[in-house]
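Chemist: Below are the sequence and a predicted model for it; my questions follow.
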Amino acid sequence: MSAQHRPWRQSYEAGVPGDVEVPDRSFDALFAEAAAAAPSQPALSFVNRVFSYAELDSLIARVAAALQRDGIGPGERVWIDLPPCAHWWMAVLGTLRAGGVPVLAPEPGAPSPAGVAGVLGPLRASIVARGRAPGVAAAEGVVVAVDPGSVLPRSLRVARAVGRRFGWVAPDRSDGQAGGVAWDVWLGRGSEPRPATRPTTSPALCLTAGAPRPVPAVTFTHRHLVAGATQLRAWLPDAVPAADTWLVLAPLAGGLGAVAALGAAALLQARVVVVPRATFENVRDVVRYLRPAYVVSTGDTVAALTQDPRLAQSDMRGVRVWLTGDPLDPEVASAFHDATGLAPCTGLGGPEVAGLVLCHPANAPVRQGCLGLPLPSVDIRICGGRAPTPAAGPGAARADAAGGGSGRLEVAGPNVAADGWLPMGADVAVDADGFVCLASV
């Protein structure tokens, strides 16, 4: 596509490239490379525990070795069901390093029995990393039950306080009711995992809603995840390598946007702080004491925070970008901006293409119904009418500053063949500046 058909690039922040080169490597390799480049740099924080990139990489390797010891081989699906905490990330990345495919639900740590059974049946997941929750007994393959209480701080008093604040049940580990093996016991003394070589086009992640469906999950490849991380990194030209802090708020801790953010942070050797319950008090305290430069949340979290009258008196200085992986109601976006001075970078994800397709730039004013600009290396076009249009069918018209118009959005990106286009299922319009906005057509 020629430059004249990319009007959105004129609205890019200074320093954002038009295209990015996606590294040809697995997603978990980003963290091994960060550990080699900045071993002592803080990588992951949870409550009062900070893991350096070297520690994180070592624990990822130990998880991978434990999974392989329990029979997990290349391509095996692994249902990850721990509370949203640092150990959840280690389980996901360790599964990738073992060659497995993590299966994630939108809200980890709280599936219903029907949801567990519904996912394990169609997906034939091989492992469950959680206490003995109802429904897991029917799982095929190996079942490893990890006591969720064992990922909390070692002090029982502190664990109970953390459990109350984050809405978890922090069991008394002496009563034996939680079930499962302690995390450290499961990992054992640790050993190096067997190399799990696989192409970057191999499956790397399954996202599911946790209930039986005709299509129980969407599968992403390593290239999808690495591309999303690379594009998000390029979208933030002011990010400071080995210096900035990212704050990831649940329930996004189980979503693709958080995975892309974690990968982008690894490319920057940045610190990620995991807060599993996005109450106003939790967000205020982390922002006050750790001064994160980037915050990643859902749109629902922004809406809930906006309803708290204390938000206007909170100190959000230091936060440069607030990312949401879904569009915000225009009134919510304006109210959040009025209270904090931050324009949320709302976006639109595309499971068939990459973690993120469109994102609102941080330096642009809030636009009513705006989904943002295509990220680097993403091209878009608009096909008129509501009827589904073949990917490269006749009558497809690129949306540009001259033509504009509205219709069905189609996308091509770094994970799609040069002559391939994928429908996104959204009715939109593109303005003269290249911003994609919701439309009724």
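Modeler: Noted; the coordinates are in hand.
Chemist: For Ser314, the count of nearby residues, please.
Modeler: Using other CB atoms under 10 Å, Ser314 has 16 other residues around it. In short, each C-beta sits where N, CA and C put it, glycine included.
Chemist: okay but it is in contact with Gly341, surely?
Modeler: No. Assessed by CB atoms under 8 Å, Ser314 is found out of contact with Gly341, at 10.9 Å.
Chemist: Show the model's pLDDT score for Ala155.
Modeler: One thing to correct before we go on: residue 155 is Ser, not Ala. For Ser155, the pLDDT comes out at 58.
Chemist: Does Arg9 touch Gly18 like I think?
Modeler: Yes. Under the criterion of CB under 8 Å, Arg9 is in contact with Gly18, at a separation of 5.2 Å.
Chemist: quick one: contacts for His360?
Modeler: Counting by CB atoms under 8 Å, 6 or more residues apart in numbering, His360 touches Ala343, Pro344, Cys345, Thr346, Gly347, Arg367, Cys370, Leu371, Gly372, Leu373.
Chemist: and which of these is nearest to Leu305?
Modeler: Closest to Leu305 out of these is Pro344 (10.4 Å), distances taken as CB to CB.
Chemist: about what we covered before: common neighbours of Ser314 and Gly341, please.
Modeler: Common neighbours of Ser314 and Gly341 (CB under 8 Å, 6+ apart) do not exist.
Chemist: re earlier: pick out the most distant pair among the contacts of His360.
Modeler: Pro344 and Leu373 (14.5 Å).
Chemist: which one of these two has more residues nearby?
Modeler: The neighbour comparison of Pro344 against Leu373 (other CB under 10 Å) goes to Leu373, with 29 against 24.
Chemist: In a strand, that one, correct?
Modeler: Yes. Assessed by DSSP: H, G, I helix; E, B strand; the rest coil, Leu373 belongs to a strand.
Chemist: Which residues does it form beta bridges with?
Modeler: With DSSP bridges as the criterion, Leu373 is bridged to Cys359.
Chemist: which residues does it contact?
Modeler: Going by CB under 8 Å, 6+ apart, Leu373 touches Trp8, Ser11, Tyr12, Leu358, Cys359, His360, Pro361, Gly434, Phe435, Val436.
Chemist: out of those residues, which are inside strands?
Modeler: If you go by DSSP state E, the contacts of Leu373 have Leu358, Cys359, Val436 in strands.
Chemist: what's the closest of the residues you listed to Gln231?
Modeler: Closest approach to Gln231 among the ones in strands among the contacts of Leu373 (CB to CB): Cys359, at 8.6 Å.
Chemist: For that closest one, grab the count of nearby residues.
Modeler: When neighbours are defined as other CB under 10 Å, Cys359 has 25 of them.
Chemist: next one: Asp308
Modeler: Per other CB under 10 Å, the neighbour tally for Asp308 reads 16.
Chemist: try Gln313
Modeler: Counted with other CB under 10 Å, the neighbours of Gln313 add up to 9.
Chemist: Make residue 1 into 827 and carry on from there
Modeler: Happy to do that; since the first residue is 827 now, the last one works out to Gln1139.
Chemist: who are the neighbours in contact with it?
Modeler: Applying CB under 8 Å, 6+ apart, no residues contact Gln1139.
Chemist: now it: how far from Leu1075?
Modeler: The spacing between Gln1139 and Leu1075, counted by CB to CB, to the nearest Å, is 20 Å.
Chemist: re earlier: next, format the contacts of Leu1199 as TSV and append distance to Leu1062 and pLDDT.
Modeler: Formatted as TSV, these follow (distance: CB to CB, whole Å; pLDDT from 0 to 100):
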residue	distance to Leu1062	pLDDT
Trp834	17	89
Ser837	16	91
Tyr838	12	93
Leu1184	15	82
Cys1185	10	84
His1186	13	83
Pro1187	10	84
Gly1260	19	86
Phe1261	18	87
Val1262	19	85
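Chemist: ok, of the residues you listed, which one's closest to Gly1144?
Modeler: Distances from Gly1144 to the contacts of Leu1199, taken by CB to CB, are shortest for Pro1187, at 19.1 Å.
Chemist: if you skip the residues just before and after it, what's nearest to the closest one?
Modeler: The shortest distance from Pro1187 to any non-neighbouring residue, by CB to CB, 6 or more residues apart in numbering, is to Glu839 (5.5 Å).
Chemist: what's the neighbour count on that neighbour?
Modeler: Neighbour tally, Glu839, other CB under 10 Å: 14.
Chemist: from memory it sits against Cys1185, does it?
Modeler: No. With contacts counted by CB under 8 Å, Glu839 stays clear of Cys1185, the gap being 11.0 Å.
Chemist: Is the residue lying closest to Leu1093 once chain neighbours are set aside in a helix, a strand, or coil?
Modeler: In this structure, Leu1093 finds its nearest non-sequential neighbour in Arg1059, 4.7 Å apart by CB to CB, 6+ apart. Under three-state DSSP, Arg1059 falls in the helix class.
Chemist: Now for Arg1059: which residues touch it?
Modeler: Per CB under 8 Å, 6+ apart, neighbours of Arg1059: Ala1065, Ala1090, Leu1093, Leu1094.
Chemist: Return the residues in contact with the third one.
Modeler: Taking CB under 8 Å, 6+ apart, we find Leu1093 in contact with Leu856, Ala860, Ala1055, Thr1056, Arg1059.
Chemist: Am I right that the fourth one falls within a strand?
Modeler: No. Under three-state DSSP, Thr1056 sits outside any strand and is assigned helix.
Chemist: gap between it and Cys1171?
Modeler: For Thr1056, the distance to Cys1171 - CB to CB - is 17 Å.
Chemist: buried stuff in the helix or strand containing Phe877?
Modeler: Here Phe877 is covered by strand 875-878, with elements defined by DSSP states H and E. Using 16 or more other CB atoms under 10 Å as the test for burial, strand 875-878 gives Phe877, Ser878.
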